[in-house]
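Chemist: Next one to model:
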Amino acid sequence: MQPVMKGIDFLNKLVGILVGLMLGAMSILIVVQVICRFVLENPLTWSEEAARYLMVYTVFLGAPLALRNHRMIAIEVLLETVKPKVRKFLRVLVMLISIVFFILLLVKGMDMLEIVKRQHSPSLGLEMDYAYMAIPIGAALMIVNAIAVIIDFLTKDDIETSEVAEALKAGEQL
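Modeler: The predicted structure follows:
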């Protein structure tokens, strides 16, 4: 099981680097667009669309990383009141329900690719299936990371007392 988890974590590291690069490129692109529009008075026609697609990919690739690192928004009032075994069961159940949703998102995302494959974006001229490809890629990564989270829940004593509690403390210090 360890090689699988290491493989998932390595994949997440690569995705994290890619997300960082896309976020940086999007930020630079937006700054250049503002300078061109308001300082040079000659706006770029394609930058807003490119920034939008970079943001879409950043969200769909960043969400699996948040899931894996227990950074997703959650309401844990019920979990705090139950015994650790019940807590573990409920967390696994939530992840299984999430996997069903991610599978649905993957299937519907693939269906959407068939619908938009003949369309092109207005400014960049890209085939729209490249833009919509973020949905099934993100869904597939969410499935993989949800499985990794389930493995963590089943193999570790109590995630809540370690990783989630640390994440909450870090959030309180901000």
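Chemist: give the contact list for the closest residue to Leu126 other than its chain neighbours.
Modeler: Among residues not flanking Leu126 along the chain, His120 sits closest, at 6.6 Å (CB to CB, 6 or more residues apart in numbering). In this view, the C-beta of every residue, glycine as well, is placed from N, C-alpha and C. His120 makes contact with Leu126, Glu127, Met128, according to CB atoms under 8 Å, 6 or more residues apart in numbering.
Chemist: Now the second one: closest residue in space, sequence neighbours ignored.
Modeler: Going back to what we said before, that points to Glu127. Closest residue in space to Glu127, ignoring its immediate chain neighbours: His120 at 6.0 Å, by CB to CB, 6+ apart.
Chemist: Roughly how far does that neighbour sit from Asp129?
Modeler: Distance of His120 to Asp129, computed by CB to CB, to the nearest Å: 10 Å.
Chemist: got it, and Leu106?
Modeler: 15 Å.
Chemist: Show me which of the two is the more surrounded one.
Modeler: Here Leu106 and Asp129 are compared on neighbour count by other CB atoms under 10 Å; more neighbours surround Leu106, at 19 against 15.
Chemist: ok, now which ones touch the more buried one?
Modeler: Counting by CB under 8 Å, 6+ apart, Leu106 has contacts Ile135, Pro136, Ala139, Ala140, Ile143.
Chemist: same thing but at 10 Å, please
Modeler: For Leu106, the contacting residues are Ile135, Pro136, Ile137, Gly138, Ala139, Ala140, Leu141, Met142, Ile143, by CB atoms under 10 Å, 6 or more residues apart in numbering.
Chemist: any idea how far the helix or strand harbouring it is from the chain center?
Modeler: Using DSSP states H and E, Leu106 sits within helix 84-116. Helix 84-116 sits 13 Å away from the centroid of its parent chain (CA atoms, centre = their mean, to the nearest Å).
Chemist: Quick check: the gap between the residue nearest to Pro122 when sequence neighbours are not counted and Pro64.
Modeler: Once flanking residues are discounted, Pro122 sits nearest to Glu49: 7.0 Å by CB to CB, 6+ apart. Distance, Glu49 to Pro64, using CB to CB: 25 Å.
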